[in-house]
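> coords please:
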Amino acid sequence: MAKVVAVCISTEKGTPKFEVPSAELRENHGIVGDAHAGPWHRQISLLGTESVDKMREKFPDLPHGAFAENILTEGICLYALPVGTRLQIGPALTEVTQIGKECHQGCAIRKITGDCVMPREGIFVRVLTGGVVRAGDEIEIVSE
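Next up is the predicted model:
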């Protein structure tokens with residue numbers, strides 16, 4: 001079973017995301033209170049804990065949100081999902097809009113390690129139906 005491990009937000013662009021107990025996903029907006037929310041195709045970023053674990057071999061104390069992911073997942077290979085895949089994340093319905101993204105020039109992880117998993121293994125979704133999401137919520141592939 002795939003699930004949400006952590007939910008993270010940032011109130012300003014270019015700053016690390018921090019873990020929150022829950023977040024409201026709003027239709028055609030993203031996460032309420034997150035600096036990257038808005039009416040565009042990259043409303044929410046997702047990254048698998050399996051991807052983060054590759055970097056934790058060198059840096060074991062990486063906090064949730066270190067790669068600017070809004071939702072950290074477990075048990076689903078996100079980067080293998082085609083664009084257009086619909087994911088039920090707890091009560092919210094989302095749609096994959098992009099696989100990967102180049103890091104910002106100032107990406108702290110890339111500066112420290114020389115590498116970052118987000119460009120290869122992170123995905124972005126837009127919110128089709130909103131709801132409150134929290135750690136432990138199930139993630140289900142609705143359609144591919």
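> make it CA atoms for all contacts and neighbour counts henceforth
Fine.
> what mean pLDDT would you report for the host helix or strand of A23?
Taking DSSP states H and E as the definition, A23 sits inside strand 22-26. Confidence for strand 22-26, expressed as mean pLDDT, is 98.
> name the helices or strands packed onto it?
strand 30-31, strand 123-129, strand 131-134 (3 or more Cα pairs under 8 Å, 6 or more residues apart in numbering; DSSP states H and E).
> the helix or strand hosting I141: which residues count as buried?
Using DSSP H and E, I141 falls within strand 138-143. Across strand 138-143, burial judged by 16 or more other Cα atoms under 10 Å covers 138-141.
> helices of this structure, start to end?
49-56, 108-113, 118-121 (DSSP state H).
> any idea of the mean pLDDT for the last one?
Per-region confidence: helix 118-121 scores 72 on mean pLDDT.
> can you check the second one too?
Mean per-residue pLDDT for helix 108-113: 59.
> now do the longest one
With pLDDT averaged residue by residue, helix 49-56 scores 85.
> please state the offset of that helix from the chain centre?
13 Å (Cα atoms, centre = their mean, to the nearest Å).
> let's see it as PDB, backbone CA atoms only.
Extracted in PDB, the C-alpha atoms of helix 49-56 (Å, rounded to 0.1, in the frame of the first residue of the first chain):
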ATOM      1  CA  THR A  49      11.100   8.300   0.500                       C
ATOM      2  CA  GLU A  50      12.800   5.600  -1.500                       C
ATOM      3  CA  SER A  51      14.400   8.300  -3.600                       C
ATOM      4  CA  VAL A  52      15.400  10.400  -0.500                       C
ATOM      5  CA  ASP A  53      17.000   7.300   1.100                       C
ATOM      6  CA  LYS A  54      19.500   7.200  -1.800                       C
ATOM      7  CA  MET A  55      20.800  10.600  -0.500                       C
ATOM      8  CA  ARG A  56      20.500   9.600   3.200                       C
END
